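# Sequence first, predicted model second:
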Amino acid sequence: MSFILILLASFFFTGIVIRVKSIAQGRKGPSLWQPMYDIWKLLHKGSVYSNVSSWIFKVAPTIYFATVIVAMLVVPVGLFGSVIGFSGDFIFFAYALALGKFFTIIGALDTASSFEGMGSAREALFSMLVEPAFFILIGSLGLLTGYTSFSDIFAAFHITGEVSYAYAAIAAFVLLMICMIENSRMPVDDPKTHLELTMIHEVMVLDNSGVDMGLIHQATNMKFALYTTLIAGLFIGNVETWWMQTILFFGIQVISAMCVGLIESFMARYRMIHNAQFILVLSSLALLIFFGIK
Amino acid sequence: MDIISGYVESVTGLSWFFVALTTFIFILSAIYGVGYIRHYKTTSREMVLHWSMFFVCYLGMMMLYSTHSLLWFLVGWELMALGSFACVIFEAEKPVVLKAGMNYFVQSHVGVLLLTIAFMWVYATTDHMEIDIIPLFISRLSEGQQVTWMMLLVAGFGFKAGLIPFHSWLPHAHPAAPSHISGAMSGVIVKAGVYGVIRFGCYISEGHTTIGSIILILAILSALYGILNAADGRDFKRILAYCTIENVGIIFAGIGIAFIAMGHRMTSLAYIGFMAALLHTLNHAIFKTSLFFTAGNVYVATHTRDIDRLGGLIRYMPKTAFLFLISAIGIGGLPPFGGFISEIMLYSSFLQGMRIDYLPISVMMALSGAALAIVGGASMLCFTKCFGVMFLGTQRDETAKPHLIADETGEESNMLLPTWVLLPVMVFIVICPGLICNFLESCITQLFPYMPIDATAAIGISDMIETLRNISIASLILVGIIGLLLIWRHFTIKRRPFATGATWGCGYLKSIKGIQYTGQSFSGSLSALVRFVLPKTSQYEQLQPEEIFPTRRSLLTISHDAIEKSAVAPLSNSVVNFLKKFQWLMNGQLQRYIVYGLITILMLVIAAII
C-alpha cells in the first residue's frame, strides 16, 4: 500500500513543481499530468544509440529504475508500513540508490561524450558529499528512538514529546535539501539550462532516448516522492487513523513540491565550486540534531 | 626440541578461517600466474625461483597461522616476508621494481623488529615462548604496559596490513609485482596483519577502550586516506593498492569497535565488530583478488597501467569487463554483493556504539559512521572512474590498443578461470551470510573464553544475523526486479524502431575521441577539494610575453603520497644521513677489515678475562 501511495505521489509531484514555477513566472503553465504524458509518450518511442556505447549504456537506465523501485519498497507511509522493512533498512535504502547512481554514471561514461563525463563526475562527487548527512541524520533519529528501521523510527518518533517537532523541522529541511541534491535541482544544479556547463543530472542523459529516457524520468519523479515520503514520515507518525495519514501524506507531498517549485523560482544556482561547502553544511546540521539528542 | 612439539598442536577456528582463505587464494593465483607469466620473456631459472619463492611464502603463512610458539610465528612471518619480496621483484631488472621491492623489504622488517620486541618482552617476563603463556604475561603487566604492548603489535602488524602511517610500501609494491602476486598479496598476505591483531589482542585484559579508540581512529583515517588517493589515482594497479589500504581500514574499524565494546562490557557489539572485520576480510580477499586478476588481463593486453591511455576495452575484452564490473560493485560495498553485507554490519555496530553513554566515544562512533559513508561515496567515484575510463568510451591512446590476435588479448581461459571461480563464492556470501557468521561466531568464542555469550549478547547476535538474512532477501529482490525489468525492456524495445548514430556532441561534429573525459578530469574536482591530502606538483614551461605563436608544450603533473612525502621520507633520509657518518669505516680495503676482526677478537678476549 505504501508502495502504491508513493507511486501515486510521484505521478503528480513534478507536475506541481512545474506548475508552481510557471505561476511564479506569471504564466499559466502546463497541466499537472504533462510530465506523466511525456513519459507515456517516451515509452512508446523508438531509441537512438550511440555507436560507441556498449550494453552498459542500454542496461543502465533500467537498473537505475529498478533500484529506485527497491528503495521505495523499504519506505513506509505511516500505518501502512513498508513492503520489506528490517533493522538497518535505511542503509540498504541509501546503498540501493547508490547502485542506481553507479550505473547512471558508467552509462554516461559509456557514450564517450565530454558533457556526460562532466555531469557524471559531478554526480559522483556530490553524492559522495551528501552521504554522511543522510547517515548522521537517520542515525541520530535512530538514537532517539532506539530503532534502526524506517518504520520503527517513524512510529516511535513522537514518543519523546514536543521537542521531536524541533528535530523534525531541522530533519525535514536537511531531507529536502538532500532531495534537491540527489535529484540535481536548484541551489546545486539547474535542470532547465540544457547545454550549459552547469548541469549534473540532465547532462548525463543527453544520449538516452525512447524507453530508456522514459524510465529515467519516472525514476527521478519517484526519487522525489521517496524523499518527501521520508519528510512526511517525520510528521504523520502520531496520527491515529489511516485515512487521516493518507490525507496528510498527500498534503505534505504537495507542500514539498510547492517548496521545490518556489525554491527553484526564487533562488539562483550556486557556483559549482561552492556546492561542496553547501552540501557539507547539511552534515553539520545533521550533527546538530545528533548533539541535541545526545 | 620443545619448540617443535608446540607446532601444529591445536589449530583454532580463526586459524582455520585464514588457512582456508589463504590456500584458496594461493591456488587461484597460481592458476592465474601460469597464464599470466607466459607473457613475460623469462628464463626457466627465473621461473623456478619465482614459483619456489611463491611456495615458500605460502609455507610461511601456513606456519604462522598454525603454530603455537612465538618463535615459530616469527619464523613463519619472516618466510612470508622473504617469499613475497622475491615474488614482487620478478622483474628485478627494472629499477622501479627493484626499488619498490627494497622498500617493501625494509618496511616489513621494521615491522618484524617491532614484533620481535613485543615477543621478547613476553620471553623476558615469563621465560617462555609459547602463545599459551601470554595470559600469564598479561597478568603481570599494568594497564599502561598492556596498552604499550598492544600498540607495539598494532604497529608491527600494521606494517604488513598497510594501516596508515605504515602503508607507504604498499602503493609501490602492488603495481611493481606481477598481477597474480598483487592479487595474493592484497587478498591474503596483507590479511596476516589482521590475523595477528585479533590473535594476540584477545589476551588483553585491561585498557580495551584506549586500544580500541586508537585502532578505530587509525582505521578510519586509513580508510579515508586510502580511498581519496585511490579516487585520484591514474595507474590502475596503484588505485587498487590504495583501495586495499581503504579496505584494511574498514576491517580494522571493526576490530576497533570490538575493543571499545569489550571495554564497555557490550559483548554482542564486540562479537559483531569482530564478525564484521572477519567477514570483510573474506569479502575483500575475494573481490580484490578478482580485480587484480582482471586488471592483469588488461595489462597483458595493453601493456600500460595508465587508465588515461585506455578506453573502450569492453569491446575487445567483454568477459574481463564483466568480471571487473562485478568485482568493482562488490568492493564498493554496493548491494547485491557481499561487500554490502559486511559494511552494513559495521554501520549497525556504529549505530549501537552511538548509544554508549560516554560522550567522546559516542561522538567518535557517529563521526566514524559518517566517515564510512564518505568512504562509500568515494569508492563509488573511484570505481566508476576506473571502470568507466578503462572499459567504456573510446580508446584514448591508439598505441595502447589491445592486440587483436585472440591469444594475446588476455582473454585466455586460464586467465579468466580463477575469476569465474570466485563468482559463485561472491554469490554464496550474499545468499548465506548467516552460515558464515555462525562459523565466525564460534571462532571468536574460542578465542575469547572469558567473554561468553550470555542471554542479552545472544539476542544481539541473532538480531544481527536476522538483519543479514533480511539483507540477503532484499538483495535477491533487487536482483529479481532488475532481471524482470530487463526482460520487460528487452521485449518492449524489440517492438520499437531503433537507430544508431554518433554520440551527440552538442553540435560538434568531429571525432569526440580527443575531448572525452579522462580519469584525471573525472576526479579533478575531488582532488581540488582535498588538495591538502593529495599534494601535487606540476612541471611546465611558462609562456613568455614575446611568444606570440607558442610552440607545442607539455605539462607534467606528479601526485605524491602526502604521508610518505612529509613523514616517512624525511625520517628515512635522516637515518640514512646519520648512517653516512660511519661510511669511512667501510672503505673496501681488505686490510682494514682484517684489523676490525682483530680488534673484535682482542676485545672479546679482554672481556672474557675481566
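Perfect, I can see it now. Source: prediction; values computed, not measured. Numbering: from 1, shown residues only, chains lettered A, B, ... in the order given.

# What residues does the residue of the stretch 51-200 of chain A found nearest chain B make contact with?
Chain B sits closest to A:G117 of the stretch 51-200 of chain A, with a gap of 2.4 Å, by CB to the nearest CB. Heads up, the C-betas are built off the backbone N, CA and C, glycines and all. A:G117 makes contact with A:A108, A:L109, B:Q516, B:Y517, B:S521, B:F522 under the criterion CB atoms under 8 Å, 6 or more residues apart in numbering or on different chains.

# can I assume it sits in a helix?
Yes - counting by DSSP: H, G, I helix; E, B strand; the rest coil, A:G117 is found in a helix.

# Tell me the confidence at it?
A:G117 is assigned a pLDDT of 84 by the prediction.

# coming back round to it: which of the contacts of A:G117 sits closest to A:A171?
Each of the contacts of A:G117 was scored against A:A171 by CB to CB, and A:A108 proved nearest at 31.6 Å.

# Next, count neighbours for that closest one.
Neighbours of A:A108 under the rule other CB atoms under 10 Å in any protein chain shown: 33.

# what sits against it?
Per CB under 8 Å, 6+ apart, neighbours of A:A108: A:E116, A:G117, A:G119, A:S120, A:M204, A:V205.

# looking at it, the fifth one is touching A:A124, isn't it?
This means A:M204. No - counting by CB atoms under 8 Å, A:M204 stays clear of A:A124, with 10.3 Å between them.

# So for the two, which residues contact both of them?
With CB under 8 Å, 6+ apart, A:M204 and A:A124 have common neighbours A:I105.

# Just confirm A:G292 contacts A:Y167, I think it does.
Yes - look at A:G292 against A:Y167 with CB under 8 Å: they come within range, at 6.6 Å.

# Neighbour count: the two, which is higher?
A:Y167 (20 against 13).

# Where does the more buried one sit: helix, strand or coil?
helix.

# how about the nearest residue to it, chain neighbours excluded?
In this structure, A:Y167 finds its nearest non-sequential neighbour in A:I289, 5.6 Å apart by CB to CB, 6 or more residues apart in numbering or on different chains.

# what about that neighbour, distance to A:A94?
17 Å (CB to CB, to the nearest Å).

# where along the stretch 351-500 of chain B do the strands fall?
Along the stretch 351-500 of chain B, counting by DSSP state E, counting those that start in this stretch, strands occupy B:498-501.

# Any stretches of it with poor pLDDT?
B:403-412 (pLDDT under 70).

# which stretches of the chain form strands?
Let's take chain A. Assigned by DSSP state E, the strands in chain A fall at A:47-50.

# not what I meant, chain B
Using DSSP E, strands in chain B cover B:498-501, B:536-540, B:555-559.

# got the contact list for residue 213?
This is for chain A. A:L42, A:P61, A:V205.

# I was thinking of chain B, sorry if that wasn't clear
B:G256, B:I260, B:I361, B:M364.

# A:Q245 now?
Applying CB under 8 Å, 6+ apart to A:Q245 gives the contacts A:V77, A:G78, A:L79, A:F80, A:I236, A:V239.

# Could you list which residues are in contact with the closest residue in space to the third one that isn't next to it in sequence?
In space, not counting the residues next to it along the chain, A:L79 is nearest to A:W242; the distance is 5.0 Å by CB to CB, 6+ apart. The neighbours of A:W242, taking CB under 8 Å, 6+ apart as the test, are A:G78, A:L79, A:F80.

# Likewise for A:G81?
Contacts of A:G81 (CB under 8 Å, 6+ apart): A:S2, A:S151.

# Could you do the one 3 residues further on as well?
Residues in contact with A:I84 (CB under 8 Å, 6+ apart) are A:L73, A:V74, B:N470, B:I473, B:A474, B:I477.

# Repeat the analysis, applying 6 Å as the threshold.
Residues counted as contacts of A:I84 (CB atoms under 6 Å, 6 or more residues apart in numbering or on different chains) are A:L73, A:V74, B:A474.

# how much space between A:A286 and chain B?
In this view, A:A286 and chain B are 8 Å apart by CB to the nearest CB, to the nearest Å.

# residues in contact with that residue?
A:A133, A:I136, A:L137, A:V174.

# for B:P497, same thing?
A:G46.

# Return the backbone torsion pair for it.
phi -70, psi 150 (degrees, to the nearest 10).

# From B:L485, how far off is it?
21 Å.

# Now for B:I444: which residues touch it?
By CB under 6 Å, 6+ apart, B:I444 lies in contact with B:Y271, B:F274.

# Pull up the gap between it and B:H264, please.
Distance, B:I444 to B:H264, by CB to CB: 17 Å.

# Contacts only, for the residue nearest to B:A230 when sequence neighbours are not counted.
Of all residues not flanking B:A230 in the chain, B:Y242 sits nearest, at 3.7 Å (CB to CB, 6+ apart). The contact partners of B:Y242, by CB under 6 Å, 6+ apart, come to B:P171, B:G226, B:N229, B:A230.
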